[in-house]
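Peer 1: Next comes the sequence, and after it the predicted model I'd like to discuss.
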Amino acid sequence: MSIVDYLFEIGILKKVKRSGWWFAKIKDPESVAEHVQRAAVIGFILGKIEKVNAEKCALLVLFHDNHETRILDLHKVADRYLEKKKAEVQAHTEQIKQLPTEIGKEILSLFTEYENQQSKEAIIARDADLLECAITAKEYIEIGYQNI
């Protein structure tokens, strides 16, 4: 495996749709990549407002959904039936094997920090993730989807 393989794999996020929106009858919801891009911008801005490491906030958001190239975007209902967190960690751990060790460790560390929510930056990153979802919901409402 190589860095190039990893980059091609991350590109899959452009095709993976955010599955929770299907419950609202949205036929062509945003991709995970679209979600992550705006959430990372939100994370950076929130980090600046809160006077913490804004770049780290953005990085935490940027890498938090990479596992979805392998296990897709699983909506909240799926959580009841699957060991989602375990699968996410396994997917992230296997993905980074394609990268030089230090880079892989840093990406896994960012994912772990995000998941553990034990730093101000991680809390802000999660807030950015949720805020992006709320903004997207508002956009869908504006174009006529009422089941949001």
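Peer 2: Now that the structure is in, tell me what you want to look at. Numbering: from 1, shown residues only.
Peer 1: Which element is encountered next along the chain beyond the helix or strand of the chain with the lowest mean pLDDT?
Peer 2: Using mean pLDDT, DSSP states H and E, the weakest-scoring helix or strand in the chain turns out to be helix 76-79, at a mean of 85. Following helix 76-79 in sequence order, the next helix or strand is helix 84-95 (DSSP states H and E).
Peer 1: Dead centre of the protein: give me the residue that sits there.
Peer 2: Centroid-nearest residue in the chain: residue 65, 3.1 Å away (criterion: C-alpha atoms, centre = their mean).
Peer 1: Could you point out the longest helix of the protein?
Peer 2: Using DSSP state H to define each element, the chain has its longest helix at helix 120-142.
Peer 1: Just the buried residues of that one, please?
Peer 2: 121-129, 131-133, 136, 140 (16 or more other C-beta atoms under 10 Å). Where C-beta positions appear, they are placed from N, C-alpha and C, glycine not excepted.
Peer 1: cool, and stretch 69-87?
Peer 2: Result for stretch 69-87 [16+ other C-beta under 10 Å]: buried residues 69-70, 73-74.
Peer 1: from the residues you listed, which has minimum pLDDT?
Peer 2: Least confident of these in the model: residue 74, at 88.
Peer 1: Secondary structure class of it, three-state.
Peer 2: Of the three states, residue 74 takes coil under DSSP: H, G, I helix; E, B strand; the rest coil.
Peer 1: tell me the contacts of it?
Peer 2: By C-beta atoms under 8 Å, 6 or more residues apart in numbering, the contact set of residue 74 is 19, 82, 84.
Peer 1: And the nearest residue to the last one once chain neighbours are set aside, its phi and psi?
Peer 2: Same thing as residue 84. Among residues not flanking residue 84 along the chain, residue 74 sits closest, at 5.7 Å (C-beta to C-beta, 6 or more residues apart in numbering). The phi/psi pair for residue 74 (degrees, to the nearest 10) reads phi -90, psi 120.
Peer 1: And residue 74, how close does it get to residue 8?
Peer 2: 22 Å (C-beta to C-beta, to the nearest Å).
Peer 1: re earlier: please save the CA atoms from the least confident helix or strand of the chain in CSV.
Peer 2: Provided in CSV are the C-alpha atoms of helix 76-79 (Å, rounded to 0.1, in the frame of the first residue of the first chain):
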residue,chain,number,x,y,z
LYS,A,76,-28.3,6.4,14.0
VAL,A,77,-30.8,3.5,13.6
ALA,A,78,-27.9,1.2,12.5
ASP,A,79,-26.1,1.9,15.8
